[in-house]
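S.K.: Quick one, fold the following:
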Amino acid sequence: MRISIVGAGYVGLVAAACFANGGFKVLISTNDPKKIKMINEAKAPFFEPELGGLLRNAVKSGALKATNTRAEAILNSEVTFICVGTPSAADGSIDLSFIYAVAEEIGRSLRKKKSYHTVVVRSTVVPGTANRVKEIIEKLSGKTAGRDFGMCMCPEFLRQGNAVYDTFNPDRVVIGEHDKKAGNVLEKLFKKFYGRKKVPILRMNTVSAEMVKYVSNSILATKVSFINEIANICEKLNGVDVYEVARGVGLDRRVGPLFLEAGPGFGGSCFPKDVNAILSFSRELGYEPKILQTVMTVNEEQALHVVDLARRSLGGLRGKRIAILGLSFKPNTDDMREAPSVRIIKKLLGEGAAVVAYDPVAENNAKKILKDAIEYAESAADCLAGADCCIVVTEWDEFKKIKPEMLKKMRGRSIVDTRRIWNPEKLESAGFRYLGIGLGE
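M.R.: Numbers count the residues shown, from 1 in each chain. Here you go, the predicted structure:
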(Lines give C-alpha, C1' and ligand atoms only; values in the text may rest on other atoms or scores of the structure.)
Protein backbone atom coordinates (compact mmCIF):
# COMPACT_ATOMS: atom_id res chain seq x y z
CA MET A 1 0.00 0.00 0.00
CA ARG A 2 1.39 3.40 -1.02
CA ILE A 3 0.73 6.43 1.13
CA SER A 4 0.72 10.13 0.30
CA ILE A 5 0.85 12.82 2.99
CA VAL A 6 -0.09 16.43 2.37
CA GLY A 7 1.72 18.74 4.79
CA ALA A 8 5.27 18.47 6.14
CA GLY A 9 4.90 19.93 9.62
CA TYR A 10 5.24 18.03 12.88
CA VAL A 11 2.26 15.76 12.23
CA GLY A 12 2.88 15.14 8.53
CA LEU A 13 6.63 14.60 8.53
CA VAL A 14 6.66 12.41 11.64
CA ALA A 15 3.92 10.25 10.11
CA ALA A 16 5.77 10.07 6.80
CA ALA A 17 9.07 9.04 8.40
CA CYS A 18 7.42 6.46 10.62
CA PHE A 19 5.30 4.93 7.85
CA ALA A 20 8.34 4.82 5.54
CA ASN A 21 10.28 2.95 8.22
CA GLY A 22 7.30 0.66 8.74
CA GLY A 23 7.25 -0.92 5.31
CA PHE A 24 5.27 1.64 3.28
CA LYS A 25 6.23 3.74 0.28
CA VAL A 26 5.50 7.36 1.12
CA LEU A 27 5.22 10.55 -0.93
CA ILE A 28 5.02 13.71 1.16
CA SER A 29 3.79 16.92 -0.45
CA THR A 30 4.40 20.50 0.69
CA ASN A 31 4.37 23.91 -0.96
CA ASP A 32 7.56 24.88 0.91
CA PRO A 33 10.54 24.40 -1.46
CA LYS A 34 13.02 24.69 1.41
CA LYS A 35 11.35 21.80 3.24
CA ILE A 36 11.26 19.69 0.07
CA LYS A 37 15.00 20.16 -0.42
CA MET A 38 15.79 19.38 3.21
CA ILE A 39 13.60 16.27 3.36
CA ASN A 40 15.03 14.87 0.12
CA GLU A 41 18.49 15.49 1.60
CA ALA A 42 17.36 13.56 4.69
CA LYS A 43 17.49 16.64 6.93
CA ALA A 44 14.70 17.39 9.39
CA PRO A 45 13.43 20.99 9.05
CA PHE A 46 12.65 21.13 12.79
CA PHE A 47 13.88 19.51 15.98
CA GLU A 48 12.17 16.34 17.14
CA PRO A 49 14.02 13.48 18.92
CA GLU A 50 14.64 10.38 16.76
CA LEU A 51 13.15 12.00 13.64
CA GLY A 52 16.54 12.63 12.01
CA GLY A 53 17.57 8.97 12.06
CA LEU A 54 14.23 7.78 10.72
CA LEU A 55 14.38 10.37 7.96
CA ARG A 56 17.87 9.31 6.90
CA ASN A 57 16.83 5.64 6.77
CA ALA A 58 13.65 6.40 4.81
CA VAL A 59 15.26 8.65 2.20
CA LYS A 60 18.32 6.41 1.78
CA SER A 61 16.13 3.34 1.20
CA GLY A 62 13.93 5.18 -1.29
CA ALA A 63 10.84 4.68 0.86
CA LEU A 64 10.25 8.42 1.30
CA LYS A 65 10.28 11.26 -1.21
CA ALA A 66 9.12 14.87 -0.95
CA THR A 67 7.39 16.72 -3.79
CA ASN A 68 5.55 19.97 -4.35
CA THR A 69 3.11 18.38 -6.78
CA ARG A 70 -0.01 17.29 -4.92
CA ALA A 71 -1.41 15.49 -7.95
CA GLU A 72 1.75 13.36 -8.23
CA ALA A 73 1.48 12.36 -4.59
CA ILE A 74 -2.22 11.55 -4.78
CA LEU A 75 -2.19 9.72 -8.11
CA ASN A 76 0.74 7.54 -7.01
CA SER A 77 -0.83 6.35 -3.77
CA GLU A 78 -3.87 4.51 -2.46
CA VAL A 79 -4.31 6.50 0.77
CA THR A 80 -3.84 10.24 1.32
CA PHE A 81 -3.44 11.76 4.80
CA ILE A 82 -4.26 15.47 5.10
CA CYS A 83 -1.84 16.91 7.67
CA VAL A 84 -1.86 20.65 6.99
CA GLY A 85 -2.11 23.34 9.63
CA THR A 86 -5.36 24.55 11.18
CA PRO A 87 -4.26 27.80 12.82
CA SER A 88 -6.36 30.08 14.99
CA ALA A 89 -8.10 33.07 13.48
CA ALA A 90 -7.95 36.42 15.28
CA ASP A 91 -11.12 35.62 17.24
CA GLY A 92 -9.80 32.22 18.37
CA SER A 93 -11.87 30.22 15.90
CA ILE A 94 -10.23 27.62 13.68
CA ASP A 95 -8.97 28.57 10.22
CA LEU A 96 -9.81 25.69 7.88
CA SER A 97 -8.67 27.37 4.66
CA PHE A 98 -5.65 25.05 4.24
CA ILE A 99 -7.83 21.98 4.75
CA TYR A 100 -10.36 23.06 2.14
CA ALA A 101 -7.64 24.09 -0.33
CA VAL A 102 -6.15 20.59 -0.10
CA ALA A 103 -9.62 19.06 -0.49
CA GLU A 104 -10.00 20.98 -3.75
CA GLU A 105 -6.62 19.71 -5.01
CA ILE A 106 -7.53 16.14 -4.08
CA GLY A 107 -10.87 16.49 -5.84
CA ARG A 108 -9.27 17.72 -9.07
CA SER A 109 -6.63 14.97 -8.90
CA LEU A 110 -9.11 12.17 -8.27
CA ARG A 111 -11.02 13.19 -11.40
CA LYS A 112 -8.07 11.68 -13.31
CA LYS A 113 -7.93 8.49 -11.25
CA LYS A 114 -9.95 5.39 -12.01
CA SER A 115 -9.15 3.27 -8.96
CA TYR A 116 -10.56 3.61 -5.43
CA HIS A 117 -8.75 6.08 -3.17
CA THR A 118 -9.03 6.72 0.58
CA VAL A 119 -8.74 10.25 1.96
CA VAL A 120 -7.93 10.67 5.66
CA VAL A 121 -8.11 13.95 7.57
CA ARG A 122 -5.32 13.78 10.16
CA SER A 123 -5.26 17.46 11.11
CA THR A 124 -7.23 18.64 14.14
CA VAL A 125 -10.54 19.98 12.83
CA VAL A 126 -13.88 20.94 14.36
CA PRO A 127 -16.78 18.47 14.07
CA GLY A 128 -18.32 18.39 10.60
CA THR A 129 -15.13 19.29 8.72
CA ALA A 130 -14.53 15.83 7.24
CA ASN A 131 -18.07 15.87 5.85
CA ARG A 132 -17.36 19.21 4.19
CA VAL A 133 -14.08 17.84 2.78
CA LYS A 134 -16.04 14.91 1.34
CA GLU A 135 -18.50 17.27 -0.33
CA ILE A 136 -15.72 19.33 -1.90
CA ILE A 137 -14.00 16.22 -3.25
CA GLU A 138 -17.26 14.86 -4.63
CA LYS A 139 -18.03 18.13 -6.40
CA LEU A 140 -14.61 18.54 -8.03
CA SER A 141 -13.92 14.88 -8.80
CA GLY A 142 -17.35 13.91 -10.04
CA LYS A 143 -17.04 10.82 -7.82
CA THR A 144 -19.15 9.51 -4.96
CA ALA A 145 -17.87 8.86 -1.45
CA GLY A 146 -18.38 5.26 -0.37
CA ARG A 147 -18.25 4.01 -3.94
CA ASP A 148 -15.40 5.73 -5.80
CA PHE A 149 -13.38 7.00 -2.85
CA GLY A 150 -13.33 6.62 0.92
CA MET A 151 -13.44 9.36 3.54
CA CYS A 152 -12.04 9.01 7.06
CA MET A 153 -11.00 11.14 10.01
CA CYS A 154 -8.10 9.80 12.07
CA PRO A 155 -6.91 12.22 14.78
CA GLU A 156 -3.34 12.14 16.02
CA PHE A 157 -2.45 12.18 19.72
CA LEU A 158 1.24 13.04 19.55
CA ARG A 159 3.29 14.82 22.20
CA GLN A 160 5.95 17.08 20.76
CA GLY A 161 9.30 15.84 21.96
CA ASN A 162 7.88 12.29 22.00
CA ALA A 163 6.12 12.23 18.64
CA VAL A 164 8.09 9.32 17.18
CA TYR A 165 7.59 7.17 20.26
CA ASP A 166 3.88 8.04 20.33
CA THR A 167 3.47 7.12 16.65
CA PHE A 168 4.97 3.67 17.20
CA ASN A 169 3.32 3.14 20.61
CA PRO A 170 -0.15 4.75 20.63
CA ASP A 171 -2.71 4.30 23.40
CA ARG A 172 -5.31 3.83 20.68
CA VAL A 173 -6.11 4.51 17.04
CA VAL A 174 -9.39 6.31 16.41
CA ILE A 175 -10.92 5.80 12.95
CA GLY A 176 -13.82 8.02 12.01
CA GLU A 177 -15.37 6.58 8.85
CA HIS A 178 -17.90 7.86 6.34
CA ASP A 179 -18.56 4.27 5.33
CA LYS A 180 -17.39 0.78 6.32
CA LYS A 181 -15.20 0.25 3.25
CA ALA A 182 -13.12 3.33 3.99
CA GLY A 183 -12.74 2.27 7.62
CA ASN A 184 -11.64 -1.20 6.55
CA VAL A 185 -8.88 0.25 4.36
CA LEU A 186 -7.54 2.36 7.20
CA GLU A 187 -7.77 -0.41 9.78
CA LYS A 188 -5.88 -2.74 7.44
CA LEU A 189 -3.16 -0.08 7.02
CA PHE A 190 -2.70 0.34 10.77
CA LYS A 191 -2.77 -3.39 11.48
CA LYS A 192 0.04 -3.85 8.97
CA PHE A 193 1.97 -0.95 10.48
CA TYR A 194 1.67 -2.16 14.08
CA GLY A 195 2.08 -5.85 13.29
CA ARG A 196 1.93 -7.92 16.47
CA LYS A 197 1.43 -4.93 18.76
CA LYS A 198 -2.01 -5.00 20.33
CA VAL A 199 -3.13 -1.44 19.65
CA PRO A 200 -6.82 -0.76 20.35
CA ILE A 201 -8.60 0.44 17.19
CA LEU A 202 -11.85 2.31 17.72
CA ARG A 203 -14.21 2.87 14.80
CA MET A 204 -16.95 5.51 14.78
CA ASN A 205 -18.36 8.19 12.50
CA THR A 206 -16.20 11.11 11.41
CA VAL A 207 -17.95 13.72 13.58
CA SER A 208 -17.39 11.68 16.75
CA ALA A 209 -13.73 11.14 15.83
CA GLU A 210 -13.27 14.88 15.34
CA MET A 211 -14.80 15.49 18.77
CA VAL A 212 -12.57 12.87 20.42
CA LYS A 213 -9.47 14.95 19.66
CA TYR A 214 -10.90 18.16 21.09
CA VAL A 215 -12.21 16.48 24.21
CA SER A 216 -8.86 14.74 24.77
CA ASN A 217 -6.84 17.95 24.56
CA SER A 218 -9.40 19.91 26.55
CA ILE A 219 -9.28 17.43 29.44
CA LEU A 220 -5.48 17.56 29.53
CA ALA A 221 -5.45 21.36 29.41
CA THR A 222 -8.04 21.39 32.20
CA LYS A 223 -5.81 19.20 34.39
CA VAL A 224 -2.90 21.59 33.86
CA SER A 225 -4.91 24.69 34.78
CA PHE A 226 -6.51 22.87 37.70
CA ILE A 227 -3.21 21.86 39.29
CA ASN A 228 -1.81 25.35 38.68
CA GLU A 229 -4.73 26.84 40.56
CA ILE A 230 -4.16 24.38 43.40
CA ALA A 231 -0.45 25.31 43.32
CA ASN A 232 -1.30 28.97 43.83
CA ILE A 233 -3.38 28.03 46.89
CA CYS A 234 -0.55 25.85 48.23
CA GLU A 235 1.87 28.78 48.04
CA LYS A 236 -0.21 30.56 50.67
CA LEU A 237 0.02 27.63 53.10
CA ASN A 238 3.08 27.16 55.24
CA GLY A 239 4.94 23.94 54.46
CA VAL A 240 2.63 22.67 51.70
CA ASP A 241 4.15 21.35 48.45
CA VAL A 242 1.80 20.95 45.48
CA TYR A 243 4.05 18.24 44.03
CA GLU A 244 3.54 16.09 47.14
CA VAL A 245 -0.19 16.85 47.00
CA ALA A 246 -0.30 15.87 43.31
CA ARG A 247 1.50 12.59 44.03
CA GLY A 248 -1.04 11.75 46.69
CA VAL A 249 -3.93 12.60 44.39
CA GLY A 250 -2.41 11.02 41.27
CA LEU A 251 -2.19 7.54 42.81
CA ASP A 252 -5.98 7.49 42.82
CA ARG A 253 -6.77 5.45 39.71
CA ARG A 254 -9.79 7.63 39.05
CA VAL A 255 -7.51 10.65 38.64
CA GLY A 256 -4.08 9.43 37.49
CA PRO A 257 -0.72 11.23 37.81
CA LEU A 258 -0.29 12.61 34.29
CA PHE A 259 -0.60 16.35 33.64
CA LEU A 260 -0.65 17.13 37.35
CA GLU A 261 2.72 18.90 37.33
CA ALA A 262 2.26 22.54 38.27
CA GLY A 263 4.23 25.09 36.27
CA PRO A 264 4.05 28.32 34.25
CA GLY A 265 1.09 27.17 32.16
CA PHE A 266 0.62 25.19 28.96
CA GLY A 267 1.66 26.28 25.48
CA GLY A 268 2.48 24.75 22.12
CA SER A 269 0.52 24.24 18.95
CA CYS A 270 -2.29 22.15 20.43
CA PHE A 271 -3.77 23.01 23.83
CA PRO A 272 -4.22 26.79 23.43
CA LYS A 273 -5.38 26.53 19.82
CA ASP A 274 -7.70 23.60 20.36
CA VAL A 275 -9.37 24.88 23.53
CA ASN A 276 -9.95 28.27 21.87
CA ALA A 277 -11.32 26.53 18.78
CA ILE A 278 -13.84 24.43 20.70
CA LEU A 279 -14.83 27.52 22.71
CA SER A 280 -15.56 29.43 19.51
CA PHE A 281 -17.27 26.45 17.89
CA SER A 282 -19.49 25.96 20.95
CA ARG A 283 -20.55 29.60 20.87
CA GLU A 284 -21.51 29.21 17.22
CA LEU A 285 -23.76 26.37 18.36
CA GLY A 286 -25.34 28.66 20.96
CA TYR A 287 -23.61 27.26 24.04
CA GLU A 288 -21.25 29.20 26.32
CA PRO A 289 -18.67 26.83 27.90
CA LYS A 290 -17.77 27.89 31.42
CA ILE A 291 -15.08 25.42 32.47
CA LEU A 292 -13.09 25.71 29.25
CA GLN A 293 -13.10 29.52 29.40
CA THR A 294 -11.76 29.34 32.95
CA VAL A 295 -9.05 26.91 31.80
CA MET A 296 -7.77 29.54 29.36
CA THR A 297 -8.04 32.40 31.86
CA VAL A 298 -6.08 30.49 34.52
CA ASN A 299 -3.45 29.60 31.94
CA GLU A 300 -2.96 33.21 30.84
CA GLU A 301 -2.69 34.39 34.43
CA GLN A 302 -0.22 31.67 35.46
CA ALA A 303 2.60 33.19 33.40
CA LEU A 304 1.95 36.53 35.08
CA HIS A 305 2.07 34.78 38.46
CA VAL A 306 5.64 33.72 37.65
CA VAL A 307 6.55 37.39 37.24
CA ASP A 308 4.82 38.13 40.55
CA LEU A 309 7.14 35.62 42.25
CA ALA A 310 10.21 37.28 40.74
CA ARG A 311 8.98 40.71 41.78
CA ARG A 312 8.34 39.49 45.31
CA SER A 313 11.78 37.93 45.55
CA LEU A 314 13.60 41.04 44.28
CA GLY A 315 11.35 43.71 45.76
CA GLY A 316 10.88 45.19 42.28
CA LEU A 317 11.88 44.48 38.69
CA ARG A 318 12.94 47.81 37.21
CA GLY A 319 16.64 47.79 36.37
CA LYS A 320 17.06 44.13 37.32
CA ARG A 321 18.73 41.56 35.06
CA ILE A 322 16.63 38.41 34.80
CA ALA A 323 18.07 35.12 33.48
CA ILE A 324 15.51 32.91 31.73
CA LEU A 325 16.45 29.23 31.43
CA GLY A 326 14.34 27.66 28.69
CA LEU A 327 12.29 29.26 25.94
CA SER A 328 10.47 26.42 24.16
CA PHE A 329 7.05 25.53 25.56
CA LYS A 330 8.39 22.14 26.70
CA PRO A 331 11.71 20.25 26.55
CA ASN A 332 12.85 18.25 23.51
CA THR A 333 11.30 20.63 20.99
CA ASP A 334 12.17 23.97 19.40
CA ASP A 335 8.51 24.98 19.23
CA MET A 336 7.84 28.48 20.55
CA ARG A 337 4.14 28.63 19.70
CA GLU A 338 2.19 30.00 22.69
CA ALA A 339 5.23 29.32 24.91
CA PRO A 340 4.80 30.61 28.50
CA SER A 341 8.30 32.09 28.22
CA VAL A 342 7.03 34.71 25.76
CA ARG A 343 4.31 35.96 28.13
CA ILE A 344 6.75 35.96 31.04
CA ILE A 345 9.43 37.85 29.12
CA LYS A 346 7.05 40.46 27.73
CA LYS A 347 5.73 41.16 31.24
CA LEU A 348 9.26 41.44 32.63
CA LEU A 349 10.26 43.87 29.89
CA GLY A 350 7.11 45.87 30.49
CA GLU A 351 8.13 46.33 34.11
CA GLY A 352 11.57 47.62 33.21
CA ALA A 353 13.68 44.48 33.63
CA ALA A 354 16.49 43.43 31.30
CA VAL A 355 16.21 39.83 30.12
CA VAL A 356 18.86 37.34 29.03
CA ALA A 357 17.73 33.88 27.95
CA TYR A 358 19.21 30.52 26.99
CA ASP A 359 17.59 27.51 25.32
CA PRO A 360 19.45 24.51 23.85
CA VAL A 361 17.48 24.42 20.57
CA ALA A 362 14.75 27.08 20.44
CA GLU A 363 16.81 30.27 20.09
CA ASN A 364 16.22 30.74 16.37
CA ASN A 365 12.46 30.36 16.71
CA ALA A 366 12.47 32.62 19.76
CA LYS A 367 14.22 35.35 17.80
CA LYS A 368 11.37 35.34 15.28
CA ILE A 369 9.03 36.36 18.11
CA LEU A 370 11.14 38.34 20.56
CA LYS A 371 13.67 39.70 18.04
CA ASP A 372 16.31 41.86 19.76
CA ALA A 373 14.17 42.78 22.77
CA ILE A 374 16.26 40.41 24.89
CA GLU A 375 19.81 39.09 25.02
CA TYR A 376 20.48 35.52 23.94
CA ALA A 377 23.16 33.59 25.82
CA GLU A 378 25.26 30.79 24.33
CA SER A 379 25.09 28.62 27.43
CA ALA A 380 23.35 28.34 30.78
CA ALA A 381 26.49 29.58 32.51
CA ASP A 382 26.62 32.70 30.31
CA CYS A 383 22.94 33.28 30.91
CA LEU A 384 23.34 33.19 34.69
CA ALA A 385 26.44 35.38 34.86
CA GLY A 386 25.60 38.72 36.46
CA ALA A 387 21.86 38.07 36.78
CA ASP A 388 19.85 39.31 39.73
CA CYS A 389 17.29 36.53 39.42
CA CYS A 390 17.04 33.21 37.56
CA ILE A 391 13.67 31.94 36.33
CA VAL A 392 13.51 28.30 35.19
CA VAL A 393 10.81 28.13 32.51
CA THR A 394 11.55 24.90 30.58
CA GLU A 395 12.75 21.73 32.30
CA TRP A 396 15.56 20.75 29.91
CA ASP A 397 17.70 17.91 31.33
CA GLU A 398 20.87 20.03 31.22
CA PHE A 399 19.28 22.54 33.60
CA LYS A 400 18.54 19.81 36.14
CA LYS A 401 22.31 19.18 36.40
CA ILE A 402 23.19 22.77 37.29
CA LYS A 403 24.95 23.00 40.67
CA PRO A 404 24.88 25.87 43.18
CA GLU A 405 28.46 26.72 42.16
CA MET A 406 27.27 27.76 38.70
CA LEU A 407 24.34 29.68 40.15
CA LYS A 408 26.78 31.68 42.26
CA LYS A 409 27.91 33.38 39.05
CA MET A 410 24.73 35.41 39.45
CA ARG A 411 24.93 38.87 40.96
CA GLY A 412 21.81 38.25 43.01
CA ARG A 413 20.55 35.20 44.87
CA SER A 414 16.91 34.96 43.75
CA ILE A 415 15.62 31.74 42.15
CA VAL A 416 12.14 31.23 40.70
CA ASP A 417 11.77 27.57 39.74
CA THR A 418 8.57 27.14 37.73
CA ARG A 419 9.33 23.48 37.00
CA ARG A 420 10.60 22.45 40.42
CA ILE A 421 13.75 20.86 39.02
CA TRP A 422 16.06 21.95 41.87
CA ASN A 423 16.24 21.07 45.54
CA PRO A 424 15.00 24.01 47.64
CA GLU A 425 16.89 22.99 50.79
CA LYS A 426 20.24 22.75 49.01
CA LEU A 427 19.84 26.13 47.36
CA GLU A 428 18.65 27.84 50.52
CA SER A 429 21.57 26.41 52.48
CA ALA A 430 23.85 27.78 49.73
CA GLY A 431 22.48 31.26 50.37
CA PHE A 432 19.77 31.52 47.68
CA ARG A 433 16.18 32.64 48.08
CA TYR A 434 14.19 29.91 46.38
CA LEU A 435 10.59 30.38 45.24
CA GLY A 436 8.95 27.44 43.51
CA ILE A 437 5.56 27.08 41.91
CA GLY A 438 3.22 25.50 44.43
CA LEU A 439 5.67 25.55 47.34
CA GLY A 440 4.42 27.20 50.51
CA GLU A 441 6.98 29.27 52.36
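
S.K.: How is the protein partitioned into domains?
M.R.: According to automatic domain parsing, the chain comprises the domains 2-206, 248-436.

S.K.: got the contact list for stretch 287-301?
M.R.: 218, 221-222, 224-225, 228-229, 265-266, 272, 275-276, 278-279, 282, 343 (CB atoms under 8 Å, 6 or more residues apart in numbering). Where you see a C-beta, it was placed from the backbone N, CA and C, and this is true even at glycine.

S.K.: quick one: residue 116 and residue 168, what's the gap?
M.R.: Going from residue 116 to residue 168 by CB to CB, to the nearest Å gives 28 Å.

S.K.: Residue 124 versus residue 307, what's the distance?
M.R.: Here the criterion is CB to CB. By it, residue 307 lies 31 Å from residue 124.

S.K.: what sits against residue 25?
M.R.: Taking CB under 8 Å, 6+ apart as the criterion, residue 25 is in contact with 2, 3, 63, 77.

S.K.: Check which residues of stretch 178-193 are buried.
M.R.: Counting neighbours by 16 or more other CB atoms under 10 Å, one finds that the buried residues in stretch 178-193 are 178, 182, 183, 185, 186, 187, 189, 193.

S.K.: Show the pLDDT at the fourth one.
M.R.: If I follow you right, that is residue 185. Reading off the per-residue confidence, residue 185 sits at a pLDDT of 98.

S.K.: partner residues bridging the residue lying closest to it once chain neighbours are set aside?
M.R.: Leaving aside its sequence neighbours, residue 185 sits nearest to residue 118 (CB to CB, 6 or more residues apart in numbering; 4.6 Å). Residue 118 has these beta-bridge partners by DSSP bridges: residue 79, residue 150.

S.K.: Now do the same contact list for residue 118.
M.R.: Applying CB under 8 Å, 6+ apart, the residues contacting residue 118 are 78, 79, 80, 149, 150, 151, 152, 182, 185, 186.

S.K.: cool, and residue 247?
M.R.: For residue 247, the set of contacting residues under the criterion of CB under 8 Å, 6+ apart consists of residue 257.

S.K.: Just confirm residue 324 contacts residue 362, I think it does.
M.R.: No: counting by CB atoms under 8 Å, residue 362 is not a contact partner of residue 324; they are 11.3 Å apart.

S.K.: So for those two, which sits in the more crowded spot?
M.R.: Shown here are residue 324 and residue 362; by other CB atoms under 10 Å, residue 324 has more neighbours (27 against 24).

S.K.: Return the distance of the more buried one relative to residue 139.
M.R.: Between residue 324 and residue 139 the distance is 51 Å, computed by CB to CB.

S.K.: where exactly do the helices run in the stretch 301-441 of the chain?
M.R.: Along the stretch 301-441 of the chain, counting by DSSP state H, counting those that start in this stretch, helices occupy 340-350, 363-370, 380-384, 397-400, 404-407, 424-429.

S.K.: For the second one, give me every contacting residue.
M.R.: Right, helix 363-370. Applying CB under 8 Å, 6+ apart, the set of residues contacting helix 363-370 is 327, 328, 334, 335, 336, 341, 342, 345, 357, 359, 376.

S.K.: buried sites along the helix ranked longest in the chain?
M.R.: Counting residues, the longest helix in the chain under DSSP state H turns out to be helix 206-234. Buried residues in helix 206-234, defined by neighbour count with 16+ other CB under 10 Å: 206-207, 209-214, 216-218, 220-232, 234.

S.K.: same check, this time on stretch 396-404
M.R.: Judged by neighbour count (16+ other CB under 10 Å), stretch 396-404 contains these buried residues: 396, 399, 402.

S.K.: need the contact list for the last one.
M.R.: If I follow you right, that is residue 402. Going by CB under 8 Å, 6+ apart, residue 402 touches 380, 422.

S.K.: next one: the first one
M.R.: Under the criterion of CB under 8 Å, 6+ apart, the contact partners of residue 396 comprise 325, 326, 331, 359, 360.

S.K.: Can you pull the phi and psi angles for the closest residue in space to residue 80 that isn't next to it in sequence?
M.R.: The spatial neighbour of residue 80 that comes closest, neighbours along the chain excluded (CB to CB, 6+ apart), is residue 4 at 4.6 Å. Here is the backbone geometry of residue 4 (degrees, to the nearest 10): phi -120, psi 140.

S.K.: right, and residue 4 touches residue 83 too?
M.R.: No: with contact defined as CB under 8 Å, residue 4 does not count as touching residue 83 (10.4 Å).

S.K.: Tell me the secondary structure of residue 26, please.
M.R.: Under the three-state scheme (DSSP: H, G, I helix; E, B strand; the rest coil), residue 26 adopts strand.

S.K.: For stretch 300-319, buried residues please.
M.R.: By neighbour count on 16+ other CB under 10 Å, the buried set for stretch 300-319 is 301, 302, 303, 305, 306, 307, 309, 310, 311, 313, 314, 317.

S.K.: need the contact list for residue 14.
M.R.: Applying CB under 8 Å, 6+ apart as the definition, the contact partners of residue 14 turn out to be 48, 51, 158, 163, 164, 167.

S.K.: how about TSV for those residues, with neighbour count and secondary structure added?
M.R.: Compiled in TSV, the contacts of residue 14 are given as follows (neighbours: other CB atoms under 10 Å; DSSP: H, G, I helix; E, B strand; the rest coil):
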residue	neighbour count	secondary structure
48	24	coil
51	19	helix
158	19	coil
163	24	helix
164	19	helix
167	22	helix
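
S.K.: Which of those sits closest to residue 42?
M.R.: The closest of the contacts of residue 14 to residue 42 turns out to be residue 51 (CB to CB; 10.7 Å).

S.K.: Can you tell me the closest non-neighbouring residue to that closest one?
M.R.: With sequence-adjacent residues excluded and distances taken as CB to CB, 6+ apart, residue 51 is closest to residue 44, at 4.9 Å.

S.K.: Likewise for residue 132?
M.R.: residue 100 (7.2 Å).

S.K.: so how far is the helix or strand containing the one you found from its chain's centroid?
M.R.: With the criterion set as DSSP states H and E, the secondary-structure element containing residue 100 is helix 97-110. For helix 97-110, the gap between its own C-alpha mean and the chain's C-alpha mean amounts to 25 Å (CA atoms, centre = their mean, to the nearest Å).

S.K.: in it, what's buried?
M.R.: If you call a residue buried by 16+ other CB under 10 Å, then helix 97-110 has these buried ones: 98, 99, 102, 103, 105, 106, 107, 109, 110.

S.K.: show me the contacts for the fourth one.
M.R.: Residues touching residue 103, when contacts are defined by CB under 8 Å, 6+ apart, comprise 82, 132, 133, 136, 137.

S.K.: Would you state the strands of this protein in chain order?
M.R.: Listed in chain order, the strands found in the chain under DSSP state E are 2-6, 25-29, 64-67, 79-82, 117-121, 149-153, 173-177, 201-204, 321-325, 354-358, 375-376, 389-392, 414-417, 433-436.
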